[in-house]
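J.: quick one: sequence and predicted model below, then my questions.
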Amino acid sequence: MESLEIKTVEMHTGGEPVRIVVSGMPPIIGKTIIEKMNYIRDNLDYIRKMLMNEPRGHSDMFGVILVEPDTPEADLGCIFIHNGGYATMCGHVSIAVGRYAVDYGIVKNLKSPETEVTLQCPCGLVKMYVEYSNGKSGITIFKSVPAYVYQLDLEIIVPGFGTTTVDISYGGGFYAVLSASKLGLDLTTSSVEKLKDAGEAVKDAVNKSLKLTHPEGSDLAFMFGVILTDGNDEFSDEPTTQVSVFGHRQVDRSPCGSGTTARVAQQIKRGYMKLNQQRKYQSVIGSVFTGEAIQEVKYGPYDAVIVKISGRSYKTGTSVYTVETDDETGKGFLLS
């Protein structure tokens, strides 16, 4: 590894960290966003480990490498990174990048009451609508790629938890969605370690039971995470709580943007929600996203919906990260 100097903008959305890599990356080769993601994974993964893992990060760090998009429709390209690798979509990061694009002059044509920002993500184009007034940005809404249910009531055997059923839903990434009570857990009283154990076990069980496919190819066809819910599925004005477990035992502090998208699609399919109904989704730390299915579409063989998710991101600082050539520990490690 050569000596590096990586500059970042640091933010959080609903308590979930966002480390935005703005400069210092070596050349990234690839004509498409998927090719660029795969090139970083195969050739520059040491940078992900250096930025996400200790001593600069931690086991629940999340980030994004900004790249040139390969379509003129997009303002920015996004490669999402975390402790376990790469994501095809990340809603909480997209919310932060939307605000970053407005506040740092990436988008020149600022409009009030909201400015549109288009992100090219590995899952497709994601439209952002950033609240903007009197020189200040605020709440950001993103409009998802088509979200759909892949399979309902998949029966799995979860070691340590028994036999249960999950719904497999796609919101830019694939999630297994189930009530925590099916595993004998409670989101308000079970420890975070127990939730991590459960999420990891469910994901492993799904991977053993199901081979995923995706209308746009195998690069998008993998199980990203597990959404453990409080079981409050019927539509209500009260928030429903959920926890996203993904990556290598990573827990989202926010309600999870792509996970909420997947859950909205699942609730539409189950008949718990209708089009144009807004519902609040709450994380275990109390941060809230609002989700709403706004349009029915066909996506390959699937009946899908376009979902709007709204949330708020905040700046936490800027950083310059370095690693010296002989610093083996500094290349990144995790204790858990």
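T.: Cool, got the structure. Residues are numbered from 1 along each chain as shown.
J.: sec struct for residue 115, please.
T.: Following DSSP: H, G, I helix; E, B strand; the rest coil, residue 115 is assigned to strand.
J.: count of residues packed around it?
T.: For residue 115, the count of nearby residues is 20 (other C-beta atoms under 10 Å). (Glycine included, C-beta is placed from N, CA and C.)
J.: residue contacts, it?
T.: 102, 107, 109, 129-130, 132, 137 (C-beta atoms under 8 Å, 6 or more residues apart in numbering).
J.: just put these in a markdown table and tack on distance to residue 216.
T.: Formatted as a markdown table, the contacts of residue 115 follow (distance: C-beta to C-beta, whole Å):
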| residue | distance to residue 216 |
| --- | --- |
| 102 | 29 |
| 107 | 27 |
| 109 | 30 |
| 129 | 24 |
| 130 | 27 |
| 132 | 32 |
| 137 | 32 |
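J.: not counting sequence-adjacent ones, nearest residue to the residue most central in space within the chain?
T.: Closest residue to the average C-alpha location of the chain: residue 90 at 2.5 Å, with C-alpha atoms, centre = their mean. Leaving aside its chain neighbours, residue 90 sits nearest to residue 80 (4.3 Å; criterion: C-beta to C-beta, 6 or more residues apart in numbering).
J.: what bridges to the one you found?
T.: On the basis of DSSP bridges, residue 80 is bridged to residue 64, residue 87.
J.: hang on, it packs against residue 91?
T.: No - applying C-beta atoms under 8 Å, one finds residue 80 not in contact with residue 91, separated by 10.1 Å.
J.: so the two - more neighbours on which side?
T.: Per other C-beta under 10 Å, whichever of residue 80 and residue 91 has more neighbours is residue 91, with 32 against 26.
J.: dump stretch 309-329 to PDB, keeping only the CA atoms.
T.: Output of stretch 309-329 as PDB, limited to C-alpha atoms (Å, rounded to 0.1, in the frame of the first residue of the first chain):
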ATOM      1  CA  ILE A 309     -38.400   8.200   2.100                       C
ATOM      2  CA  SER A 310     -37.700  11.400   4.000                       C
ATOM      3  CA  GLY A 311     -35.100  12.100   6.700                       C
ATOM      4  CA  ARG A 312     -32.600  14.700   7.900                       C
ATOM      5  CA  SER A 313     -28.800  14.600   7.800                       C
ATOM      6  CA  TYR A 314     -26.400  16.800   9.700                       C
ATOM      7  CA  LYS A 315     -22.800  17.700   9.300                       C
ATOM      8  CA  THR A 316     -20.300  16.500  11.900                       C
ATOM      9  CA  GLY A 317     -17.000  17.600  10.500                       C
ATOM     10  CA  THR A 318     -14.300  17.200   7.900                       C
ATOM     11  CA  SER A 319     -11.300  15.000   8.000                       C
ATOM     12  CA  VAL A 320      -8.000  14.200   6.300                       C
ATOM     13  CA  TYR A 321      -7.000  10.500   6.800                       C
ATOM     14  CA  THR A 322      -3.500   9.200   6.100                       C
ATOM     15  CA  VAL A 323      -1.800   5.900   6.300                       C
ATOM     16  CA  GLU A 324       1.900   5.400   6.200                       C
ATOM     17  CA  THR A 325       3.500   2.700   4.100                       C
ATOM     18  CA  ASP A 326       4.900   0.700   7.100                       C
ATOM     19  CA  ASP A 327       1.800   1.000   9.300                       C
ATOM     20  CA  GLU A 328       0.400  -2.500   9.200                       C
ATOM     21  CA  THR A 329      -2.100  -1.900  12.000                       C
END
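J.: and the residue nearest to the centre of the chain, what does it touch?
T.: Residue 90 sits in contact with 62, 64, 78, 80, 121, 172, 257-258, where contact means C-beta under 8 Å, 6+ apart.
J.: what is the neighbour count of the closest residue to residue 184 other than its chain neighbours?
T.: In space, and not counting its chain neighbours, residue 184 is closest to residue 161: 6.8 Å by C-beta to C-beta, 6+ apart. Using other C-beta under 10 Å, residue 161 has 17 neighbouring residues.
J.: next one: residue 33
T.: The local packing of residue 33 (other C-beta under 10 Å) involves 24 other residues.
J.: that one contacts residue 123, doesn't it?
T.: No - the pair residue 33 / residue 123 is not scored as a contact, 9.2 Å apart, by C-beta under 8 Å.
J.: next one: the top helix by length along the chain to chain centre, how far?
T.: The longest helix of the chain (DSSP state H) is helix 192-209. Put simply, helix 192-209 sits 18 Å off its chain's centre (C-alpha atoms, centre = their mean, to the nearest Å).
J.: going forward, count from 733.
T.: Got it, the first residue is 733 from now on, which makes the last one we talked about helix 924-941.
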